[in-house]
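In: From the sequence below, what's the structure:
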Amino acid sequence: MNIKLIRTEEEYQKALKRLEKLFDAKASTPESDEADILGLMIDEFEKKNYPIEAPDPIEAIKIRMEEMDLKQTDLAEALGGKNRVSEILNRKRKLTLEMIRNLTTRLNLSPEVLITDYKLAGQ
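Out: Here you go, the predicted structure:
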């Protein structure tokens, strides 16, 4: 096993190719250990060089609704009625603390995602 830190795009590409070869290695073998280490190093390189922005609260809600196969009416209780759900999802009204608490429970979303500031429609 000859592993070194990934610092360049070329090293990153080589690491990806090597990981692809090792991907199906049997557990508890040197190849499996190498694959685990390469995976960690690739992940770290990607976090630094290809960061993925977290979705804003409204996008996070919409994504989770799709994942859970929910309709707007399913959130009426959590957000204070059907009209309120529409206003929130159309960015006409901001989430309140109570709404965030309810959505955290109902959608199993992190409060940190929901408290992030976002723009209303027309701003």
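
In: quick one, longest helix in this structure?
Out: helix 30-49 (DSSP state H).

In: residues in contact with the residue nearest to the spatial centre of the chain?
Out: Nearest to the geometric centre of the chain sits Ala54, at 5.9 Å (C-alpha atoms, centre = their mean). Going by C-beta atoms under 8 Å, 6 or more residues apart in numbering, Ala54 touches Ala60, Val113, Thr116. To be clear about C-beta, it is placed using only N, CA and C from the backbone, and glycine gets the same treatment.

In: just to revisit the earlier point, who are the packing partners of the longest helix of the chain?
Out: Applying 3 or more C-beta pairs under 8 Å, 6 or more residues apart in numbering; DSSP states H and E, one finds that helix 30-49 contacts helix 9-22.

In: got the angle for the helix it packs on vs helix 30-49?
Out: If you take axes from the mean of the first three to the mean of the last three C-alpha atoms, to 10 degrees, helix 9-22 sits at 140 degrees to helix 30-49.

In: Give me the pLDDT value at the residue nearest to the centre of the chain.
Out: What the model reports for Ala54 is a pLDDT of 79.
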